[in-house]
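A.B. asks: Make a model of this:
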Amino acid sequence: MNRHCKVPAVIVIWLGVTLAHARLVPRFAYVANNQDDTVSIFALHKSGLRAIGYVYTGAGSNPRAVAVTPSQSFLYVAEGNVGIAGYAINNVNGHLTPVPGSPFVAGPEFSISVYPSGKFLAAISGSSVSLYAINATTGTLTAIQTISGDSPIAAAIDPQGHFLFTANVNSNTISAFSINQTSGSLTAVAGSPFATGPSPEGVAIDQHGKFLYVPNGNGASVSAFAINSVSGALTPLAGSPFAAGSVPMAAVIKKSFLFVANSADKTISQYTIDPTTGSLTPISAPFPTRSSGPLALTANPAQPLVYVADHDSDEVLVLGITQRHGSLFYESIIRSRGSPLSIALASGPSTVSYAPRFVYECNSSSNNVWGYGVTAATGSLATIASSPFAAGSSPHSVVSDLDGQFVFTANGGSNDVSAFTVNQQSGALVAVPGSPFAAGTQPVSVAVDNGAHFVYVANSVSNTVSGYSVSSTGTLTNVPNSPFETQGTGPMALTIDPRGKSLYVANTHSNSLTIFEIDAATGNLQFAGSATTANAPIMLAIDKDGRYLYALNQDSQNISGYAIDAVTGQLAPVRNSPFDVPGPSYSITIDPVGNYLYAGGNTAIAAYKLFDDRGTLKALAQSPFDGVSVAYGLGVDLSDSFLYAANNSGNSISGFRIEKGGGLQALSGSPYPAGTSPVSLTIINGFQ
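C.D. replies: Model (predicted):
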């Protein structure tokens, strides 16, 4: 696969929040991964993104663009080789469910735009513009009109919904159409098409519908036009075209600022827009996107943020905008599953927030799972009335999916995996039909991806990983070719990166890590490489952005740190790795913000700050923190408020409040009683 081939640019100007939804704020981001046949799902959290899952769009679908209806009810995906897929949006957790009849039409689609009314969708195929009516209840599409065009590749609609414009990449023009407000049908504007620079790749329209801007891919320039508010005709602005970087492919407007993504020289040109004339003035030198060749831009309508899709590095950059000057600066970087080409945002009445609801810990000697309800304000735990819940023999690990639908345990004594559904009101666990499910010899660690597509188990004696697909009821089915050889001995721990693309296995006896790539469709594992560790790695943790992985080495009493390659998933040691821990340690976890790493020991928890953007760890001055009894398991809730420890020798759970600066303060009533020999815990959080 050639990851550096030129991909036709896709610009979807998300129309944002309409006047009828002025109080809505963005909650979720959807990213079309062109070469991965997936759409990644992210929750917007403060100024960053948090990976929460993905949908598989079908073999060879090659999604190019995404768009959300103004009602925030439906997401549509322009699939480069299939047609248009439609999904209903769960506004609480961001999940996507295919709408009836999806995918619609057949053949390649390069971009899509939803009318501000939400009643119609325009699709750009490269040879035509097709119009569809959107069923407001089901989201199904019905074809209305198709107009042949001269190589249209991208489109945008003015905020009032009066006109649609297409960038025609091969004819060096932009076509203008008036929109019938009743039927949605299109009629060519007099004088259309209008000349642009060479190879127009996208369209951006200001918030008042007065000015239109077109990045010219082979012209290193931006063509600028005034829009006639009555006819829709375009008139070139004085000074147009304006100089841009090399191969500009995308443009987006945020208030009075225009940003243009230059894919070849890996920069973003920054301009102020004159409110009277529409003329562009460079703010400063083009903003460098490091190794990223930006191909799509999306602005957050509620915050001074721009999201950048980089096809080559499999990353989404989050850039801040200075209030006074409009200059860009780095906020964060998150990985998508692969080759992102387009980003769309879905909004709701409030930003996404989290609160802990339940904690579950498994007990290797009493062969059960204890459950606790969490008081969100204080973090205190109260045993669930029907707890404990029977598991297999000697459960060594317990996990839950991000949405808290299921709980899974790896049962080392009975060589199987228990699966439970979670009662969302009481927290009670109910074994799913067919549970437990056979695994390899002595499974000791279990992991589930964020979207609960697949579950994997490390079998410590048979030196394999068992893989399972997860049904809507929690039933597990072996994935193709399972189990998989780990290429190392004594696999003791495994973890999945936040985007669900890579699986990492810690091989305790061979002092190594195994890297697998996860097939988005089947869950099949493909061996992708390995890395060496210090002595006896027994636990793994990955930061929320999927940039760094850490392995706790029991015998050498230190932590190996690795930078994760965004494209391949390969590991490279970070500076000054490995990092010492104060005495024997048994577990590690990273807070959900990605600022701190905690290691559980015999009587205390060591705390480290992720010191720089290279993944370096630095012990906190006040570390370690007392209050545990052989902490075999650690977990932090998604609100970043509380840390819990499973005390193997104390038969208890310790709870701590996370203070500003990463320090820990024991909760009132801690420690809380548990079963016999607790070894692992998991936390279920609620979306709010």
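
A.B. asks: From here on, just use CA atoms for contacts and neighbour counts.
C.D. replies: Noted.

A.B. asks: List the contacts of the closest residue in space to Val222 that isn't next to it in sequence.
C.D. replies: With CA to CA, 6 or more residues apart in numbering as the criterion, Val222 has its nearest non-adjacent residue at 4.5 Å, and that residue is Pro215. Contact analysis of Pro215 by CA atoms under 8 Å, 6 or more residues apart in numbering lists Pro200, Glu201, Gly202, Val203, Ser221, Val222, Ser223, Pro248, Met249, Ala250, Ala251, Val260.

A.B. asks: does the first one have beta-bridge partners, and which?
C.D. replies: This points to Pro200. Taking DSSP bridges as the rule, Pro200 bridges to Asn216.

A.B. asks: swap in the fifth one?
C.D. replies: Listed beta-bridge partners, Ser221: Asn216, Ala243 (assigned using DSSP bridges).

A.B. asks: Pretty sure it sits against Ala250.
C.D. replies: No: using CA atoms under 8 Å as the test, Ser221 is too far from Ala250 to be in contact (11.4 Å).

A.B. asks: Ala410 and Ser445: what is the separation?
C.D. replies: Distance of Ala410 to Ser445, computed by CA to CA, to the nearest Å: 6 Å.

A.B. asks: who touches both of these two?
C.D. replies: His396, Ser397, Val398, Val457.

A.B. asks: Which among these count as buried?
C.D. replies: Buried members of these, counted by 16 or more other CA atoms under 10 Å: His396, Ser397, Val398, Val457.

A.B. asks: contacting residues around the second one?
C.D. replies: Translated: Ser397. Cys362, Thr409, Ala410, Asn411, Val444, Ser445, Val446, Val679, Ser680, Leu681.

A.B. asks: quick check, nearest of the residues you listed to Arg64?
C.D. replies: For the contacts of Ser397, the residue nearest Arg64 by CA to CA is Val446; the value is 34.1 Å.

A.B. asks: Pull the number of nearby residues for the closest one.
C.D. replies: 27 (other CA atoms under 10 Å).

A.B. asks: What residues does it make contact with?
C.D. replies: Ser397, Val398, Val399, Phe408, Thr409, Ala410, Val455, Tyr456, Val457, Ala458, Ala493, Leu494.

A.B. asks: got it, and Ile538?
C.D. replies: Contacts of Ile538 by CA under 8 Å, 6+ apart are Met492, Ala493, Ala506, Asn507, Thr508, Ala551, Leu552, Asn553, Gln554, Tyr586, Ser587.

A.B. asks: Gly655 now?
C.D. replies: So Gly655 contacts Gly379, Ser380, Phe642, Leu643, Tyr644, Ala645, Ala666, Leu667, Ser670, Pro671, Tyr672 (CA under 8 Å, 6+ apart).

A.B. asks: Just confirm the second one contacts Gly669, I think it does.
C.D. replies: Looking back up the chat, that one is Ser380. Yes: if you go by CA under 8 Å, Ser380 and Gly669 touch, sitting 7.2 Å apart.

A.B. asks: quick one: which of these two has more around it?
C.D. replies: Higher neighbour count among Ser380 and Gly669: Ser380, with 21 against 10, using other CA under 10 Å.

A.B. asks: Not counting residues beside it along the chain, what's closest to the more buried one?
C.D. replies: Going by CA to CA, 6+ apart, Ser380 has Val374 as its nearest residue, at 5.8 Å.

A.B. asks: Quick check, pLDDT for the one you found.
C.D. replies: Val374 is assigned a predicted lDDT (pLDDT) of 97.

A.B. asks: That one bridge partners, please.
C.D. replies: Under the criterion used (DSSP bridges), Val374 bridges to Leu381.

A.B. asks: Go through the contacts of Ile538 and single out the one with the most neighbours.
C.D. replies: Ranking these using other CA under 10 Å puts Ala506 first, with 33 neighbours.

A.B. asks: Name the residues that touch the helix or strand hosting that residue?
C.D. replies: In this structure, Ala506 sits in strand 502-507 according to DSSP states H and E. Strand 502-507 is contacted from outside by 458, 486, 488-497, 512-518, 536-540, 551, 569, using CA under 8 Å, 6+ apart.

A.B. asks: hang on, the earlier thing: more neighbours, Ser221 and Ala250?
C.D. replies: The neighbour count for Ser221 versus Ala250, taken as other CA under 10 Å, is higher for Ala250 (32 against 25).

A.B. asks: Dig out what the more buried one forms beta bridges with.
C.D. replies: The partner residues for Ala250, given DSSP bridges, come to Ala261.

A.B. asks: Just the pLDDT at it, thanks.
C.D. replies: On the pLDDT scale, Ala250 is placed at 95.

A.B. asks: quick one: low-confidence parts of the stretch 101-250 of the chain?
C.D. replies: Of all residues in the stretch 101-250 of the chain, none has pLDDT under 70.

A.B. asks: at 80 what do you get?
C.D. replies: Applying pLDDT under 80 to the stretch 101-250 of the chain flags the ranges 105-107.

A.B. asks: what about the closest residue to Ser400 other than its chain neighbours, how many neighbours?
C.D. replies: Distances taken as CA to CA, 6+ apart put Val407 closest to Ser400, at 4.4 Å, once the chain neighbours are dropped. By other CA under 10 Å, the residues close to Val407 number 25.

A.B. asks: just the one 3 residues further on next, same as before
C.D. replies: Counted with other CA under 10 Å, residues neighbouring Ala410 total 34.

A.B. asks: Tell me who's in contact with Asn511.
C.D. replies: Per CA under 8 Å, 6+ apart, neighbours of Asn511: Thr532, Thr533, Ala534, Asn535, Ala536, Pro537.

A.B. asks: mind running it again at 6 Å?
C.D. replies: Residues near Asn511 by CA atoms under 6 Å, 6 or more residues apart in numbering: Thr533, Asn535, Ala536.

A.B. asks: I figured the last one was touching Ser556, is that so?
C.D. replies: The reference is to Ala536. No: judged on CA atoms under 6 Å, Ala536 makes no contact with Ser556 at a distance of 7.4 Å.

A.B. asks: of these two, who's got more company?
C.D. replies: Shown here are Ala536 and Ser556; by other CA under 10 Å, Ala536 has more neighbours (23 against 17).
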